[in-house]
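Colleague: predicted model, plus sequence, below.
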Amino acid sequence: GAGNYYKEAKGTPWFKDGKRFDRPTGAYSTDLISDFVADFITSSGEDEKPFFIYVSHYATHWPLQADEADVAPYRKIYENTPREELMQARLDRQIETGLIPSGTRLHPEALNAKPGAKGYLETERMALHAAMVGSIDRSLAKTIAALKAADKLDNTLILVLSDNGASHQMNLDRKVPPGVRPGSMETFLNQGPAIAALNNTPFRNYKQSNYEGGIASPLIAWWPGGIKEPGRIDRSLLHIADIMATCLELSGASYPKKFRNRMIIPLAGKSFVTALNGQQAGDEEPRVLPF
């Protein structure tokens, strides 16, 4: 977990290029990571050697922390609209775009989920989480801008996904000290069940559950020079291990020998290059990585 988005927290040391990094207090973690990524892309300059960047953002993991300028626009939305209406509006939009099948309804458990801390700062928590999602959007925009400036945008495959569904956990939640802005570095707020249910719309349950609300994650693929028929929704069932197999096929690389004996369980993955080409990913046999 992040521990704190504005400073190095206990147990969360920062490193850069293998050395301890003295991060500036007050800088937002998402933006710091975004700067590192952009700098790496820029430094690649005219080098034609392919690169792989794994960007593991802390956001939107607890604690809920974000800049006031990012929170304010969302606060106006959430303070005037009931959570149930927000959930229905999101479901309607998902059905309209074809992401979710027509006729899907919100589950009563999600609609009746209880707010964390008995509703304490409920609107603020929703706005903070939305602002943190916005920081990820801003990060991706910066990465794309760096790729464009390096003339590598069209030939770069970008995959965006989350690690799990929204978290309803409240065990580390803390009251905000008097006179302190919720979401600042002096606070530690969690989502709670009601907000997690909103963010998991239309799925049921949360992180640490085997329901869709715990395990289903979006995977957005963007590659102007490689994806056939962009704008499609592919319903192939994929697993995170398939990303490795896909990258190996696209790059023509083999699995690094130095890691083969370090794996306790052989890692099997199935390339989804066919899905990127507009075919069903399930049309081909699973590809097991060589050990």
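Modeller: Yep, that arrived. Numbers count the residues shown, from 1 in each chain.
Colleague: can you name the residues that contact the residue most central in space within the chain?
Modeller: What sits nearest the mean C-alpha location of the chain, by C-alpha atoms, centre = their mean, is Ser162, with 3.5 Å. Going by C-beta atoms under 8 Å, 6 or more residues apart in numbering, Ser162 touches Ser217, Pro218. In short, each C-beta sits where N, CA and C put it, glycine included.
Colleague: can you give me the pLDDT of it?
Modeller: On pLDDT, Ser162 comes in at 92.
Colleague: ramachandran angles for it?
Modeller: Reported as degrees, to the nearest 10, the phi and psi values for Ser162 are phi -110, psi 170.
Colleague: what of the one 4 residues further on?
Modeller: Its backbone dihedrals place Ala166 at phi -60, psi 150, with angles given as degrees, to the nearest 10.
Colleague: report all helices and strands that the helix or strand hosting Ala72 contacts.
Modeller: In the assignment (DSSP states H and E), Ala72 maps to helix 68-78. Identification of packing neighbours for helix 68-78 by 3 or more C-beta pairs under 8 Å, 6 or more residues apart in numbering; DSSP states H and E yields helix 122-149.
Colleague: could you dump the helix or strand just after the helix holding Ala72 to CSV, C-alpha only?
Modeller: The helix or strand immediately downstream of helix 68-78 is helix 83-96, counting by DSSP H and E. Output in CSV follows, covering the C-alpha atoms of helix 83-96 (Å, rounded to 0.1, in the frame of the first residue of the first chain):
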residue,chain,number,x,y,z
ARG,A,83,-25.2,7.0,-4.6
GLU,A,84,-28.0,4.8,-6.0
GLU,A,85,-28.6,7.2,-8.8
LEU,A,86,-24.9,7.3,-9.6
MET,A,87,-24.8,3.5,-9.7
GLN,A,88,-27.8,3.3,-12.1
ALA,A,89,-26.4,6.1,-14.3
ARG,A,90,-23.1,4.2,-14.6
LEU,A,91,-24.9,0.9,-15.4
ASP,A,92,-27.0,2.7,-18.0
ARG,A,93,-23.8,4.1,-19.6
GLN,A,94,-22.1,0.7,-19.6
ILE,A,95,-25.2,-0.9,-21.3
GLU,A,96,-25.4,1.9,-23.9
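Colleague: ok now helix 83-96, how far from the chain's centre?
Modeller: Its chain's C-alpha centre and that of helix 83-96 lie 20 Å apart, by C-alpha atoms, centre = their mean, to the nearest Å.
Colleague: and it, what does it pack onto?
Modeller: Checking 3+ C-beta pairs under 8 Å, 6+ apart, helix 83-96 ends up next to helix 108-111, helix 193-199.
Colleague: among those, which comes closest to Ser34?
Modeller: helix 193-199 (21.9 Å; C-beta to C-beta).
Colleague: show me what the closest one is packed up against.
Modeller: Using 3+ C-beta pairs under 8 Å, 6+ apart, the elements in contact with helix 193-199 are helix 83-96, helix 108-111, helix 122-149.
Colleague: quick check: the closest residue to Asn199 other than its chain neighbours vs Arg90, distance?
Modeller: Sequence neighbours aside, Ala166 is the residue nearest to Asn199 in space, at 4.0 Å (criterion: C-beta to C-beta, 6 or more residues apart in numbering). Applying C-beta to C-beta, to the nearest Å, the value for Ala166 to Arg90 is 13 Å.
Colleague: for the two, indicate the residue with more neighbours.
Modeller: Ala166 (23 against 17; other C-beta atoms under 10 Å).
Colleague: gap between that one and Val160?
Modeller: Per C-beta to C-beta, Ala166 is found 17 Å from Val160.
Colleague: coming back round to it: the helices and strands packed on helix 83-96: which one's closest to Ala69?
Modeller: Nearest of those to Ala69, taken as C-beta to C-beta: helix 193-199 at 21.3 Å.
Colleague: and the closest residue to Ala149 other than its chain neighbours, how many neighbours?
Modeller: Using C-beta to C-beta, 6+ apart and skipping the chain neighbours, the partner closest in space to Ala149 is Thr42 (7.0 Å). Neighbour count of Thr42, defined by other C-beta under 10 Å: 12.
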